[in-house]
Each structure stands twice: as structure tokens, then as C-alpha cells.
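Would you be able to build a 3D model of this:
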Amino acid sequence: MEIEILIIILASVGIDLLFGEFPSPIHPVVWMGKLIEKLKQLFFRNSKKTDTLSGIIITISLIIIFISLFSIVMLILSFNQILFLVTAALLLSTTFSVKILLRSASEVALDLDEDVNKGRKSLSFLVSRNTSDLSSQEIVSATIETLTENIVDSVISPIFYSILVPFLLLLALPALFPFFIKIGLTSTYQILVLSAVAASVSFRVVNTLDAMVGYKDFANINIGWFPAKLDDVLNFIPARITSILIVLAAFLASLDYKQSWNIMIKDAKIPPSPNSGYPMAAAAGALNVQLTKPGIYKIGESKKLLTINEIKLAIKLSIVTIILFLVGVVLFFILISY
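Residues are numbered from 1 along each chain as shown. Below you'll find the predicted structure:
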């Protein structure tokens, strides 16, 4: 039964690497963004100030909506096993983004190499901070920060939950089987595959909400509290797994793995986020650089200047980290199959 989950995970990664993102008109994450804006406007129209309950309602509503949509599509195509698995892989691939993450960092490096203003503009598509006055080194720092932080959000976490939830569900399957029969699922592999996709899309809903409303300004501080905290909880374990993988990747990539571990232990808790500091600190140590967000944090030790080459090394480090994670996924499935 486990092999179907492994197949759709590896297939979805392959789909993402080969084809990248779905076109915007049919991309589920784009739909999520539009629905978030609609629901946010609805709550503001009915109240001068949103509250925490609004954020809880929006989060739960969006999770139910997108799990339902994905489930309906998969149930319609469940009459054929191959078609069912292909559809599952396609849907799962929309919940993470390996290709665009690596390509975006590479594009910043290329643009920065040509002109600092082009580098600023390219970076502005990746980060929420104002990039108009950033120096070349600050652009490099911000690129490495967002690249390594998003290894967690954009790759590790959604795949992690697409494995964890089916595994937990498998333990409880006998008790839940009558419910699944009622909704049209009679095969264990269908139940597990559907749960893998549902888990991953649920994470993507929460993470998208955090990105859109998880701010402490007047418009978002209340409505964004719940999804922001839930995102912190969901990323807690994946962030720490990622930081350890970055240390191992530094060793394999002939970077400073000892410093990667030391800086991760020393500086991971400096940023206000409970999770983002872990991969950023591990990467800063591996590259022997200091990553800085002016007025917010400084991570690592400034042993060398931040140049375009450091972005290239960070991309290399990220690729090896992702490969290590996928190898770990395969080994996990081999282990539980015996």
C-alpha cells in the first residue's frame, strides 16, 4: 500500500522539475489567494475590525473547500488506478515548488550581475521587505535568506505532511474504513493517496494564509493570528529537519559543515520566527557569511563578502539538501515496507 504514496511523491517532484508551476488561471494556489482576498473583504465589510475568530473561520473554510475540490476530482477518476495516481501526482505537485524556488534565486543572481537595480527589482518579487535601497550585499543576503527559508515552506513541509498523515491514517484505518466506504473509497491505496494530497493541500492553505494575512498591521493582526500560529506549528519539525539536512548537504558539497552546525545551534533562535532561523543559520554557517535583515537580525559570522558566488553556492546547497530529503523519503518507505 505504501508504494503508491512514494510513487505520487516522486512523480509530483518530477512533474514540478520538468514543467514548473501550473498556469495562473488553473493554479490552486492562485485560487487560494483570490478566495482569501474575497473572504477577508467579506469579514471587513461586516465589521470595522476583524477578530481572531475570523481567521479561524477563513482557515477552516479554505481547508474544507480545497480538500473537497481535490477529493472530488480524484474520486471522479478513481475508476482507473493509473489515472487516479497521475491525477494525484499532478495535484500534489501544485502544493510545492522546487523549480521556481531555485530558478528565482538564480534569476536574482543573473540580474544583480548585470545591474544592481535589476537585482533589486528581481528580489522584490521574492521578499516582502522594501528592496529599493538595498546594497549589492544586502540583495545577496536577502536572496540566500528567502531561498533557504523557503526550502521548508515550499518543499519539505508539504511533502512531509503528505507522508505523515497517510502513515498515521494507516494505523487508524480499521476504525475509519466505514466512513471512507460512505464517500466512495473502497481501496486502501485510494484512501492513503487521497489523504496524502489532502494533507499537503491543507498545509499549502495555511502557508498561503500566513503569507497573505500573517502580518501585525491593523488590517491583518487579528485575522492573521491563527493561520500564522498554525503555520509556525506545522513548520516546527520540518524546519529542524531541514537545518540538519543543510548541515549534511554542506558536508557533501564540500562547504563548512562544522560551522553550519555551530551557527545553527548558536543563531537559529535570533529571528522573531520560531522556524525560519534554523535553515538560514545552517546555510549562513555553511557559506561562512553573515545574513542580515536590517533592524531585525544578524545571523552567522562575516568571514567573507556576500557576492553573487554565494547565491550560486546557496543554490547548490539547497539542491543537495532537497536531494537528501528525497533520499530520506525513499529510505523511510523501504523501512516501513518490511
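
Kindly confirm whether my reading is correct that Gly119 touches Val108.
Yes: with contact defined as CB atoms under 8 Å, Gly119 reaches Val108; the gap is 6.0 Å. Heads up, the C-betas are built off the backbone N, CA and C, glycines and all.

so what's in contact with those two at the same time?
Counting by CB atoms under 8 Å, 6 or more residues apart in numbering, the shared contacts of Gly119 and Val108 are Ile139.

and the two? which has more neighbours close in?
Val108 (30 against 26; other CB atoms under 10 Å).

SS state for the more buried one?
For Val108, the assignment made with DSSP: H, G, I helix; E, B strand; the rest coil gives helix.

repeat for Asn130
Going by three-state DSSP: Asn130 is coil.

So it versus Ile308, what's the distance?
22 Å (CB to CB, to the nearest Å).

and those two? which has more neighbours close in?
Ile308 (18 against 9).

wait, the more buried one sits on Ser106?
No: between Ile308 and Ser106 no contact is recorded; they are 10.3 Å apart, counting by CB under 8 Å.

so what sits against both of those two?
Common contact partners of Ile308 and Ser106 (CB under 8 Å, 6+ apart): none.

Name the residues of stretch 65-72 that come out as buried.
66-67, 70-71 (16 or more other CB atoms under 10 Å).

Okay, now the unreliable bits of the stretch 201-338 of the chain?
For the stretch 201-338 of the chain, applying pLDDT under 70 flags the ranges 218-219.

For it, which segments are assigned as strands?
Per DSSP state E, counting those that start in this stretch, the stretch 201-338 of the chain carries strands over the ranges 291-293, 297-299.

any idea which of those strands is most buried?
Most buried of the strands of the stretch 201-338 of the chain, by mean neighbour count (mean count of other CB atoms under 10 Å): strand 291-293, with a mean of 22.

Are there helices or strands packed against that one, and which ones?
helix 136-151, helix 277-287, strand 297-299 (3 or more CB pairs under 8 Å, 6 or more residues apart in numbering; DSSP states H and E).

quick one: contacts of it?
129, 138, 141-142, 144-145, 271, 280, 283-284, 298-300.

Please tabulate the residues you listed in a markdown table and include distance to Ser54 as additional columns.
Output for the contacts of strand 291-293, formatted as a markdown table (distance: CB to CB, whole Å):
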| residue | distance to Ser54 |
| --- | --- |
| Arg129 | 27 |
| Glu138 | 36 |
| Ser141 | 35 |
| Ala142 | 32 |
| Ile144 | 35 |
| Glu145 | 31 |
| Pro271 | 27 |
| Met280 | 31 |
| Ala283 | 36 |
| Ala284 | 37 |
| Lys298 | 36 |
| Ile299 | 34 |
| Gly300 | 39 |
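
Distance to Ile319 added to the strands of the stretch 201-338 of the chain, as a markdown table?
Below are the strands of the stretch 201-338 of the chain laid out as a markdown table (distance: least, CB to CB, whole Å):
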| stretch | distance to Ile319 |
| --- | --- |
| strand 291-293 | 19 |
| strand 297-299 | 21 |
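
on that earlier part again, point out the most buried one among the helices and strands packed on strand 291-293.
helix 277-287 (a mean of 30).

and it, what does it pack onto?
In terms of contacts (3+ CB pairs under 8 Å, 6+ apart), helix 277-287 is packed against helix 136-151, helix 225-252, helix 257-267, strand 291-293, strand 297-299, helix 308-336.

Please work out which of those is packed deepest.
With a mean of 24, the top stretch among those by mean neighbour count (mean count of other CB under 10 Å) is helix 136-151.

angle of it against helix 308-336?
Counting by axes from the mean of the first three to the mean of the last three CA atoms, to 10 degrees, helix 136-151 lies at 10 degrees to helix 308-336.

now for helix 136-151, which elements pack on it?
helix 99-114, helix 116-124, helix 225-252, helix 277-287, strand 291-293, helix 308-336.

Compare those and report which one is nearest to Ala88.
helix 308-336 (15.8 Å; CB to CB).

Please compute how far that closest one lies from its chain's middle.
14 Å (CA atoms, centre = their mean, to the nearest Å).

All further residue positions should be reported with the first residue as 49.
Right, with 49 as the first residue, what we last looked at is helix 356-384.

Run the angle between it and helix 305-315 for me.
Using the same axes, to 10 degrees: helix 356-384 against helix 305-315 is 90 degrees.

Just list the residues touching the residue nearest to Tyr263 when sequence neighbours are not counted, thanks.
Nearest residue to Tyr263, sequence neighbours excluded (CB to CB, 6 or more residues apart in numbering): Gly272, at 6.0 Å. Applying CB under 8 Å, 6+ apart to Gly272 gives the contacts 103, 257-258, 261-263.

Which of the residues you listed fall in helices?
The helices, defined by DSSP state H, take in 103, 257-258, 261 from the contacts of Gly272.

Quick one: the residues you listed as JSON lines, columns for neighbour count and distance to Ile53 too.
Converted to JSON lines, those look like this (neighbours: other CB atoms under 10 Å; distance: CB to CB, whole Å):
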{"residue": "Gly103", "neighbour count": "27", "distance to Ile53": "31"}
{"residue": "Leu257", "neighbour count": "27", "distance to Ile53": "26"}
{"residue": "Asp258", "neighbour count": "22", "distance to Ile53": "26"}
{"residue": "Val261", "neighbour count": "27", "distance to Ile53": "32"}
